[in-house]
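A.B. asks: What follows is a predicted protein model with its sequence.
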Amino acid sequence: MSINRVVISGNLTRDPELRRTQSGMAIMGFGVAVNDRRRNNQTGEWEDYANYIDCTMFGNRAESLSNILTKGMKVAIEGKLRWSQWETKEGQKRNKIEVIVDELEFMSSRNGGQGGQGGYQGGYQGGYQGSQQGGYQQQQAASAPVIDATSTVYDDDIPF
C-alpha cells in the first residue's frame, strides 16, 4: 500500500492561469514557493531556500478561485503528487512533478494581511468569516466563494 498525500503552505509565485479542456472543464495552474531551512557550511547560520512547486486544480473550484488568488497570497494546500512526461517539438524529453490540489485554504488576504480565517474545500460550504482588517470588504466577500471557517490548519493537527 502507498499513500500519495501532500500538505504545503507558502506564497503564490504568480497569478493563476485559467484554461479549459476541449470539453470546457476549467484547469487552473499556479505556483507556490515553500521554504526549506539549511545550515550554511561556511557561516554556520541557518538560511531559507525556496522550493517552487507547480500546482493544478480542476473544475468549478478552479474557475471560482482563479478570480480570487493573486501573486503573493499565502495559502495552505492539500492534494496529491502527479508526475508527467512529454516531448518538446525539438524532440527533448521533459518531465515534472506537480501537486493536484484537492483543498486550498487562504492564509492571507488579497492585501497581504494575515487572514487564516478559513479554507476552500471541495464545494461551497459554510460562510466567509474574514475580517475587514484581513483585506476583504463586505462587498468583495459577497463575490467570493463561500468559505468553511472551521477548516483552519493548526500545528497540533500535523502528525510530525
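C.D. replies: Sure, I can see it. It should be emphasised that the depicted structure is a prediction, and the values quoted were computed from it without experimental measurement.
A.B. asks: Okay, now the sheet partners of the lengthiest strand in the chain, with direction.
C.D. replies: Counting residues, the longest strand in the chain under DSSP state E turns out to be strand 93-108. Strand 93-108 has these partner strands in its sheet, going by DSSP bridges: strand 46-58 (parallel), strand 74-87 (antiparallel), strand 114-121 (antiparallel).
A.B. asks: Export those as TSV, with columns for mean pLDDT, mean neighbour count and distance to residue 4.
C.D. replies: Every residue, glycine included, has its C-beta placed from N, CA and C. Converted to TSV, the strands paired with strand 93-108 look like this (pLDDT from 0 to 100; neighbours: other Cβ atoms under 10 Å; distance: least, Cβ to Cβ, whole Å):
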stretch	mean pLDDT	mean neighbour count	distance to residue 4
strand 46-58	95	14	15
strand 74-87	95	15	5
strand 114-121	45	20	18
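A.B. asks: Minimum distance to residue 8: which of the ones you listed has it?
C.D. replies: Across these, residue 8 has its closest neighbour in strand 74-87 (5.4 Å, Cβ to Cβ).
A.B. asks: Need the residues that contact the closest one.
C.D. replies: 4-12, 32, 55-56, 69, 93-108, 114, 119, 153 (Cβ atoms under 8 Å, 6 or more residues apart in numbering).
A.B. asks: Now the buried members of those residues.
C.D. replies: 6, 8, 10-12, 32, 55-56, 69, 98-99, 101-108, 119, 153 (16 or more other Cβ atoms under 10 Å).
A.B. asks: that older thread, would you convert the strands paired with strand 93-108 into TSV that also reports distance to residue 16?
C.D. replies: Below are the strands paired with strand 93-108 laid out as TSV (distance: least, Cβ to Cβ, whole Å):
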stretch	distance to residue 16
strand 46-58	8
strand 74-87	11
strand 114-121	13
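A.B. asks: who wins for proximity to residue 17 among those?
C.D. replies: With Cβ to Cβ as the criterion, residue 17 lies closest to strand 46-58 of those, at 10.1 Å.
A.B. asks: For the helix or strand that comes right after that closest one, which helices and strands make contact with it?
C.D. replies: Using DSSP states H and E, the helix or strand that follows strand 46-58 towards the C-terminus is helix 59-66. Helix 59-66 is packed against strand 17-20, strand 26-39, with contacts defined by 3 or more Cβ pairs under 8 Å, 6 or more residues apart in numbering; DSSP states H and E.
A.B. asks: Alright, I will stop here.
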